[in-house]
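[1] Here's my sequence, what's the structure:
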Amino acid sequence: MSDRNRSAKPPVRAGEAPRARRGLPRLIARIERLAPRGTGTLAVFAFFLVAAGYGVIRGGHAGEVGAQLADIRDSAANAAGFRISAIALTGESQLTREEILNIAGISGRASLLFLDAESARARLKANPWIAEATVLKLFPDRLHIAITERRAFALWQKDGRVQVISRDGEVVEPFVAPHVANLPLVVGQGAQRKAADFLSEMGRYPELRDQVHAYVLVADRRWNLRLKNGVDIRLPEAEPMTAIESLLALDRDRKILSRDIVAIDLRLPDRVTVRLSDEAAAARAEALKEKKGKRKGGDA
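    Prediction:
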């Protein structure tokens, strides 16, 4: 027999399906015999469930469906006796009760059984006013929430924008309400983190602190004081409080802070440099000129 005859496939008779197609019904029949009763129904149900889930996701309705399922779940739990009937709340000051419950995600439909206490705590701590939070579920129907609020400590100015910060440097309000407008003003990158320690030290010198309009952090290393009369006091990076004590001693002797000056430089430990205002500098130059003219006249 030639190679051509050996490699040729046997002919298919008229009306007869190919061997591969004949084997498919047999395979399906075998699977049906081996599978447990009801498998086909479950498979159809699973198919439609997957199809419905795909449609929900593709249609962007996953959030709505999830919320509806959560409502159904909570309604069932509430009917079983797990409705939240009492909420004890402690520690609130800046935030209202309604704001706290809204932040925690607790509504009138929520059930104690399905409330995720850890998620509620995380949402509370994400609010800048809240430093710490505790959420306790007391079955069957009571909830206890305790928070520790941050306090408005200072105003922080950076890039021309003023915000309210707490003692730990956290921005708690992006705007300045009237009731916090008189807080100390700190200026510059990094000033929000270093303000608490520096302002605490300044509390030892109330006679100077009460004259300060703004505390300006320079290059994240040292402070300048801008007084309410416009005078700039340039403090050294090392031992700034020692420089302040020297300045106050000088002011007691010579009233330097009341003079017509624009800046006092205390950055060098062995000297104090004073910059006069333009008017004071011009008056001083004129006085020196007159004094020099008188001296020449006396010599003549």
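
[2] C-alpha from now on. contacts and neighbour counts both.
    Will do.

[3] okay, and for the stretch 151-300 of the chain, where does confidence drop off?
    Along the stretch 151-300 of the chain, segments meeting pLDDT under 70 span 280-281, 283-300.

[4] quick one, strands of it?
    For the stretch 151-300 of the chain, applying DSSP state E, counting those that start in this stretch gives strands covering 154-158, 161-165, 171-173, 185-187, 212-218, 222-227, 232-234, 261-265, 273-276.

[5] what's the burial count for residue 131?
    Using other C-alpha atoms under 10 Å, residue 131 has 17 neighbouring residues.

[6] what's the helix or strand containing it in contact with?
    Here residue 131 sits within strand 130-138, counting by DSSP states H and E. In this structure, residues lying in contact with strand 130-138 by C-alpha atoms under 8 Å, 6 or more residues apart in numbering are 112, 117-118, 120-121, 124-125, 143-150.

[7] Next, the buried residues of it.
    By neighbour count on 16 or more other C-alpha atoms under 10 Å, the buried set for strand 130-138 is 130-135, 137.

[8] do stretch 94-109 as well
    So, applying 16+ other C-alpha under 10 Å, buried residues of stretch 94-109: 100-101, 103-106.

[9] do you know how far residue 120 is from residue 207?
    Distance, residue 120 to residue 207, by C-alpha to C-alpha, to the nearest Å: 47 Å.

[10] Which one of these two is surrounded by more residues?
    Taking other C-alpha under 10 Å, residue 120 and residue 207 do not tie; residue 120 has more neighbours (20 against 11).

[11] How confident is the prediction for the more buried one, by pLDDT?
    pLDDT, residue 120: 97.

[12] now the one 10 residues further on
    In this prediction, residue 130 carries a pLDDT score of 97.

[13] same thing with the one 10 residues further on?
    On the pLDDT scale, residue 140 is placed at 95.

[14] coming back round to it: how about CSV for the buried residues of strand 130-138, with distance to residue 244 added?
    Putting the buried residues of strand 130-138 into CSV (distance: C-alpha to C-alpha, whole Å) gives the following:
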residue, distance to residue 244
130, 36
131, 34
132, 37
133, 41
134, 44
135, 47
137, 54
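
[15] Of those, just say which sits nearest to residue 168.
    Within those, distances to residue 168 taken as C-alpha to C-alpha reach their minimum at residue 131, with 9.8 Å.

[16] quick one: that closest one from residue 163, how far?
    To residue 163, residue 131 is 18 Å away according to C-alpha to C-alpha.

[17] Same check on residue 184?
    Look at residue 184 and residue 163: by C-alpha to C-alpha, they are 12 Å apart.

[18] shared neighbours of these two, anything?
    By C-alpha under 8 Å, 6+ apart, the residues touching both residue 184 and residue 163 are residue 155.

[19] Find the centremost residue of this protein, please.
    The centroid of the chain falls nearest to residue 128 when counting by C-alpha atoms, centre = their mean (5.7 Å).

[20] Quick one: residues contacting the residue nearest to it when sequence neighbours are not counted.
    Nearest in space to residue 128, with sequence neighbours left out and distances taken as C-alpha to C-alpha, 6 or more residues apart in numbering, is residue 172 at 5.0 Å. Contacts for residue 172 (C-alpha under 8 Å, 6+ apart) come out as 128-129, 150, 152, 163-166.

[21] and those, which are buried?
    Buried members of those, scored by 16+ other C-alpha under 10 Å, are 129, 150, 152, 163-166.

[22] So for stretch 263-273, first residue to last residue, what's the gap.
    One end of stretch 263-273 to the other measures 8 Å (C-alpha to C-alpha).

[23] make that stretch 126-141, sorry
    Start and end residues of stretch 126-141 are separated by 26 Å (C-alpha to C-alpha).

[24] centre of the chain versus it, how much separation?
    18 Å (C-alpha atoms, centre = their mean, to the nearest Å).

[25] for stretch 136-150, same thing?
    How far stretch 136-150 lies from its chain's middle: 23 Å, per C-alpha atoms, centre = their mean.
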